[in-house]
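# fold the following for me, if possible:
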Amino acid sequence: GENREKNNKPFMWLCVNPSSTLKLEEFRQMVNKMVTKVWLKEYVYVYEQRGMTIDEMGKGFHLHAIIRRPDDKKPSHCIRELSNTFKKACDTSNYHFFQIKFIDEAEKDRKMEYILGQKESTDENRKDLKQNMDKVWREKLGIQPYFFSNIDIGKYATQVL
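Coordinates of the predicted model:
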């Protein structure tokens with residue numbers, strides 16, 4: 001029933017891809033506003049970008065976040081509130097720009113590995129280049145490698161810094 005289902009997937013995987021007209025500073029303000037929500041106590045998030053060279057650095061910046069949904073917070077409420085937070089950043093009804101997926105503990109661990117660990121690279125998708133550019137870009141702008149609260153990132157933390 002509803003209850004077991006709820007506790008079975010206590011985490012949310014959130015991806016936000018802002019429109020290209022949005023300034024990074026505006027986007028960061030929205031993210032900062034998001035984490036002030038009373039129910040949003042347990043999370044980890046990272047800013048990434050899609051550039052692979054210094055010239056492209058910073059283009060296509062986006063957010064990946066893992067958030068624990070409190071037991072007393074309905075999934076639909078979470079979706080509504082997060083959509084509201086980012087409605088000026090992108091079309092939140094479009095899956096390509098705004099994505100929330102409810103996930104279990106095991107998938108949460110995989111997603112943490114994905115955002116905090118070393119990504120798999122292919123010839124088609126050079127994630128290693130993007131990740132190196134992420135580092136340079138974040139350092140240049142003074143953005144932390146990751147942001148977190150009340151969530152154990154222990155085994156990943158060493159790989160990032």
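
# could I have the CA atoms of stretch 22-33 written out in CSV?
Taking C-alpha atoms only, stretch 22-33 is exported to CSV below (Å, rounded to 0.1, in the frame of the first residue of the first chain):
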residue,chain,number,x,y,z
LEU,A,22,19.6,32.3,-17.1
LYS,A,23,22.7,33.6,-15.3
LEU,A,24,24.5,31.3,-13.1
GLU,A,25,24.1,33.7,-10.2
GLU,A,26,20.3,33.7,-10.5
PHE,A,27,20.4,29.9,-10.7
ARG,A,28,22.5,29.6,-7.6
GLN,A,29,20.0,31.9,-5.7
MET,A,30,17.2,29.5,-6.6
VAL,A,31,19.2,26.6,-5.4
ASN,A,32,20.0,28.4,-2.2
LYS,A,33,16.3,29.2,-1.8
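
# so residue 104 makes contact with residue 11?
Yes - judged on CB atoms under 8 Å, residue 104 makes contact with residue 11 at a distance of 7.2 Å. C-beta coordinates here come from the backbone N, C-alpha and C atoms, glycine included.

# so for the nearest residue to residue 18 once chain neighbours are set aside, what's the pLDDT?
For residue 18, ignoring the flanking residues on the chain, the nearest one in space by CB to CB, 6 or more residues apart in numbering is residue 89 at 4.2 Å. Turning to residue 89, the model gives it a pLDDT of 98.

# more crowded one of residue 104 and residue 11?
The residue with more neighbours, out of residue 104 and residue 11, is residue 11; 22 against 12, by other CB atoms under 10 Å.

# what sits against the closest residue in space to that one that isn't next to it in sequence?
When the adjacent residues along the chain are set aside, residue 11 lies closest to residue 108, with 4.4 Å between them (CB to CB, 6+ apart). Shown here is residue 108, whose contacts under the criterion CB atoms under 8 Å, 6 or more residues apart in numbering are 11, 13, 66.

# picking that back up, would you confirm that the residue nearest to residue 18 contacts residue 19?
Yes - assessed by CB under 8 Å, residue 89 is found in contact with residue 19 at 6.9 Å.
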